[in-house]
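> Sequence below, structure please.
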Amino acid sequence: MDFSWFVNNPVPATALGFHLFFLLWFVNSFYFNRYRLRSGVLFFLCVLSLAMFLFLADPTPDQIITTVLFLLSVLLVLLVIFGGILLVVSMLYNGVVLLRKEGFSVQNCLSLILVIHLILTPVIITNYDKILHHEAIEILVSINGILTIYLLLMAIFYVTSGILVIVTSQHRAVDYIIVLGCGLKMGKEVTPLLAGRVDQAIRLYRKAPQRSFLVMSGGQGADEQVSEAAAMKTYALSKGIDESHILLEEQSVNTAENMAFSRKLIESHCTGKCRISYATNRYHQFRAGAYAHDAGMNIRGVGSRTKTYFEQNAIIREFLAMVHRDQKMHMIFLSILVMLYLFMLYSNVL
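Purely as a prediction, here's the structure:
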């Protein structure tokens, strides 16, 4: 590429400027708090502005870069189409498997409910006038479409942000590892899900067993005989962990309290500057980190894998939990979109 041509051409220069702006914004935002949907949004803007720059900055007559980008765009479209079909099939299959293995509950039906909604929404939007033609119905159907598209975009940004968090998981030794509790088996034993969290924490602990401490965090539920922290301690002792390197936080009842109470415990135990991490399941890593940041800890964690049929439904549950956590922000954006739609509708723009 002729660099002098590129410098003197304002269009690609502008595209490059946008890319550098979004890149710097992404790096700064991700460094100070990677546990926001903003990470996914800025990452997409970085990729999009870079693609625009590469497309506009090609001055060669044979347009090799343009041709490659066109082929990549076609490939991306095909991946989106077939990936979408594969996702729908996967959600249907895993939703059925989850119900068979884990039993019926509203939480276990989330995957099936979502995929049915995704299938029915475009069908209803394109055929509502054949079913019941009424202005009020048209508006409700359109608003439902806006809500669906908005949630899909947020889900894409959420998954992207979650992947970025997983890719940048804690790999170096730390001083304290907060292990997040969850329900117990028979009220006193760790479940396979919880055992995976402890095992992941132990792997990080063994990188510096002389100075590392496991902070077992989880209170005792109404149907539990012991606290989740105590059950995790028993499991860790069976894995050969020194009891003196296990701290118990037995008051918390949710993830937010896990982080807040664990921080207080660590501060009372740590005599100087210390490095902290947390261990949970991979699908829970993003939301757990968000609550850690709320508690004043800008830390990275580690996540254990779970069975595919369970993880897919759990990701949907985690996404809805994050939407609920930031509901005010989402309500503002949705209100603006709906009001804009109504304005355009009654201004005869649509």
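> Please enumerate the helices of the stretch 151-300 of the chain.
192-205, 228-238, 255-269, 285-294 (DSSP state H, counting those that start in this stretch).
> and these as TSV, adding mean pLDDT and mean neighbour count?
(Glycine included, C-beta is placed from N, CA and C.) As requested, the helices of the stretch 151-300 of the chain are exported to TSV (pLDDT from 0 to 100; neighbours: other C-beta atoms under 10 Å):
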stretch	mean pLDDT	mean neighbour count
helix 192-205	95	21
helix 228-238	95	21
helix 255-269	95	19
helix 285-294	95	23
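> Now distance to Leu345 too, for those, in TSV please.
TSV is the format used below for the helices of the stretch 151-300 of the chain (distance: least, C-beta to C-beta, whole Å):
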stretch	distance to Leu345
helix 192-205	47
helix 228-238	52
helix 255-269	41
helix 285-294	36
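> and of those, who's closest to Met186?
Of all these, helix 228-238 sits nearest to Met186, with 10.1 Å by C-beta to C-beta.
> From the contact counts, what lies against that closest one?
strand 189-190, helix 192-205, strand 213-217, strand 246-249 (3 or more C-beta pairs under 8 Å, 6 or more residues apart in numbering; DSSP states H and E).
> Identify the residues contacting that helix?
If you take C-beta atoms under 8 Å, 6 or more residues apart in numbering as the criterion, helix 228-238 is touched by 179, 181-184, 188-190, 194-195, 197-198, 202, 214, 216-221, 243, 246, 248-250.
> Can I have the buried ones of these as a PyMOL selection?
In PyMOL syntax, the buried subset of those is picked out as below (16 or more other C-beta atoms under 10 Å):
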select buried, resi 179+181+182+184+190+194+195+197+198+202+214+216+217+218+219+220+246+248+249+250
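> any idea how far stretch 171-185 is from the chain center?
On the basis of C-alpha atoms, centre = their mean, to the nearest Å, stretch 171-185 sits 19 Å off its chain's mean C-alpha point.
> Gly40 touches Val165, doesn't it?
No - the pair Gly40 / Val165 is not scored as a contact, 10.1 Å apart, by C-beta atoms under 8 Å.
> Could you find the closest non-adjacent residue to the residue nearest the centre of the chain?
Most central in the chain under C-alpha atoms, centre = their mean is Gly162, positioned 3.5 Å from the mean C-alpha point. The spatial neighbour of Gly162 that comes closest, neighbours along the chain excluded (C-beta to C-beta, 6 or more residues apart in numbering), is Phe286 at 4.3 Å.
> again, but for Asp199
Asp199 sits nearest to Ser304 (C-beta to C-beta, 6+ apart), 6.5 Å away.
> mind listing what Ser304 touches?
Gly196, Arg197, Asp199, Gln200, Ala279, Thr280, Asn281, Arg282.
> among those, which two are most distant?
It's Asp199 and Arg282 that sit farthest apart of those, by C-beta to C-beta, at 12.7 Å.
> Contacts only, for Pro122.
Pro122 neighbours (C-beta under 8 Å, 6+ apart): none.
> what helix or strand does it sit in?
helix 110-131 (DSSP states H and E).
> Can you point out the buried residues in that helix?
Applying 16+ other C-beta under 10 Å to helix 110-131 flags Leu110, Ser111, Leu112, Leu114, Val115, Leu118, Thr121, Tyr128 as buried.
> Columns distance to Tyr346 and pLDDT on top of those residues, output as JSON lines?
What follows is those, written out as JSON lines (distance: C-beta to C-beta, whole Å; pLDDT from 0 to 100):
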{"residue": "Leu110", "distance to Tyr346": "36", "pLDDT": "71"}
{"residue": "Ser111", "distance to Tyr346": "38", "pLDDT": "71"}
{"residue": "Leu112", "distance to Tyr346": "37", "pLDDT": "73"}
{"residue": "Leu114", "distance to Tyr346": "32", "pLDDT": "74"}
{"residue": "Val115", "distance to Tyr346": "34", "pLDDT": "73"}
{"residue": "Leu118", "distance to Tyr346": "29", "pLDDT": "72"}
{"residue": "Thr121", "distance to Tyr346": "23", "pLDDT": "74"}
{"residue": "Tyr128", "distance to Tyr346": "19", "pLDDT": "63"}
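> Tell me the one among these nearest to Ser335.
Out of the buried residues of helix 110-131, the member with the shortest distance to Ser335 (by C-beta to C-beta) is Thr121, at 20.2 Å.
> give me phi/psi at Phe343?
Per-residue torsions, Phe343: phi -60, psi -50 (degrees, to the nearest 10).
> sorry, back to before: from the buried residues of helix 110-131, which is closest to Ala295?
Leu110 (27.2 Å).
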